[in-house]
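K.L.:
Provided below for reference: sequence and predicted model.
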Amino acid sequence: MSLKNEKKVIEALNKILEAELAGVVRYTHYSLMVFGHNRIPIIKWFRDQATESLAHASQAGEHITTLGGHPSLKIGTLLETHKHSLNDILKESLQHETAQLKNLHSLLKLVEGQSVFLEEYARQMIYDEELHVSEVNKMLRTQPK
């Protein structure tokens, strides 16, 4: 696969990889901080998100090595606000997902018209992240509009 902006694509993929690895840590932490009546289904949801983040990180890393790049060992930003109400945790999650959406849109712009393989990867990841954003938004609402 030959891309005219291969270095920028690898940088974008590494940013995605780092954010997904941060998601593993973040969602695992969140699962440990949930208390109350609905703890069991909520911690399962957070742990599922952590597992999915690890799978997404692996995908990004595979694309990086396919392009001849070196996957980053860095982990994206991990901000500890020390606010652990479910609403605070979900708002932090929403910020994380929204930032990752920006990363993915940047990747899509870099590969559009050059690689169907990477375009489809970016589009699928955008779909997944938009789904997460919509789920979290619904979780933050107390009643339907």
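P.N.:
Noted; the coordinates are in hand.

K.L.:
what's the helix or strand for the most centrally placed residue in the chain?
P.N.:
Centroid-nearest residue in the chain, with C-alpha atoms, centre = their mean: Glu20, separated by 4.6 Å. Applying DSSP states H and E as the criterion places Glu20 in helix 6-32.

K.L.:
Can you name every helix or strand that that helix contacts?
P.N.:
Applying 3 or more C-beta pairs under 8 Å, 6 or more residues apart in numbering; DSSP states H and E, one finds that helix 6-32 contacts helix 39-66, helix 86-111. (Glycine included, C-beta is placed from N, CA and C.)

K.L.:
Rebuild these as a markdown table, extending it with distance to Val133, mean neighbour count and mean pLDDT.
P.N.:
Output for the helices and strands packed on helix 6-32, formatted as a markdown table (distance: least, C-beta to C-beta, whole Å; neighbours: other C-beta atoms under 10 Å; pLDDT from 0 to 100):
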| stretch | distance to Val133 | mean neighbour count | mean pLDDT |
| --- | --- | --- | --- |
| helix 39-66 | 12 | 17 | 97 |
| helix 86-111 | 5 | 18 | 96 |
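
K.L.:
Same list (those helices) but as JSON lines, adding distance to Tyr127.
P.N.:
Shown next, in JSON lines, are the helices and strands packed on helix 6-32 (distance: least, C-beta to C-beta, whole Å):
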{"stretch": "helix 39-66", "distance to Tyr127": "12"}
{"stretch": "helix 86-111", "distance to Tyr127": "10"}
